[in-house]
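Chemist: With the sequence up front, the predicted model follows.
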2 protein chains.
Amino acid sequence: MKQTKVVIDGQKLHYSSELARALAHPLRLKILEFLDRNQEVNVNKIYNTLRIEQSITSQHLKVLRTAGVVDYVKEGKYAKYYIKYDVVARAEKAVNRFLGKE
Amino acid sequence: MKQTKVVIDGQKLHYSSELARALAHPLRLKILEFLDRNQEVNVNKIYNTLRIEQSITSQHLKVLRTAGVVDYVKEGKYAKYYIKYDVVARAEKAVNRFLGKE
DNA sequence: TTATATTAATAAAAATCTTAATATCATAGA
DNA sequence: TCTATGATATTAAGATTTTTATTAATATAA
């Protein structure tokens, strides 16, 4: 058995699972996909296009924000959301670890 | 705004979020990491090494099994678990979509 | 006042943990 | 043989915690 001494620490473990948790809901993936296709969209556009309740959309956006997957800039009365691709890239690396690609 | 007509269908959306959900717990990531370092380990080895309650380990393994991330072969009284890397690879592709790598 | 968006409160649903029960296999011993 | 015992692992039942949805209230900019 190979068994390395380097074990993933609790911090990273927690962070990774938080990230996975943010992606663990169909609506959130749907929102992310929409943001991926349209950079800088306001909330109104999101819930009107995807036919999601305004409040629900806002709450899911908060989960994504907390996980650091998205962020937004305020423009007048609009909130323009966008994906934080660097964070998603880090998620990818985590997956890569399982595949021994690094 | 570019907005393609091809939208991810409900099936895939559901499947992807199921997969994310399976990874959305520190203990499950810990177990997966252990399985990644040691191919074909029995349950006893998992919970003794990681210091997790037997029953909890079994329940988390079930979640991982249901999501299709791991599977096992029965060998006598042992159940040898292993990661289904092909499934993890598909998870990676999903992440790649967000990065426009395919 | 209206449009945009978030937050609060609470109800409903799902996930997790705890503890106990069950199932299966291997084997020691009558 | 057979049956009892120990080791392995899963499952069941419940209580607890966390997520999600619903609805109403709040905040802010035009």
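Modeler: Good, I have the coordinates.

Chemist: which ones are touching the residue nearest the centre of chain A?
Modeler: Taking CA atoms, centre = their mean, the centroid of chain A lies closest to A:Val69, which sits 3.2 Å from it. Neighbour list for A:Val69: A:19, A:22-23, A:32, A:83-84, A:87-88 [criterion: CB atoms under 8 Å, 6 or more residues apart in numbering or on different chains]. Every C-beta, even on glycine, is put in place using the N, C-alpha and C of the backbone.

Chemist: Quick one: the strands in chain A, in order.
Modeler: A:41-42, A:70-75, A:78-83 (DSSP state E).

Chemist: could you give the angle of the last one to strand A:70-75?
Modeler: I take that to be strand A:78-83. Counting by axes from the mean of the first three to the mean of the last three CA atoms, to 10 degrees, strand A:78-83 lies at 150 degrees to strand A:70-75.

Chemist: Output the contacting helices and strands for strand A:78-83.
Modeler: Contact here means 3 or more CB pairs under 8 Å, 6 or more residues apart in numbering or on different chains; DSSP states H and E; on that basis strand A:78-83 packs against helix A:26-37, strand A:41-42, helix A:43-50, strand A:70-75.

Chemist: Redo the ones you listed as a markdown table? Include mean pLDDT and mean neighbour count.
Modeler: Listed next are the helices and strands packed on strand A:78-83 as a markdown table, based on pLDDT from 0 to 100; neighbours: other CB atoms under 10 Å in any protein chain shown:
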| stretch | mean pLDDT | mean neighbour count |
| --- | --- | --- |
| helix A:26-37 | 94 | 19 |
| strand A:41-42 | 96 | 18 |
| helix A:43-50 | 97 | 16 |
| strand A:70-75 | 96 | 13 |
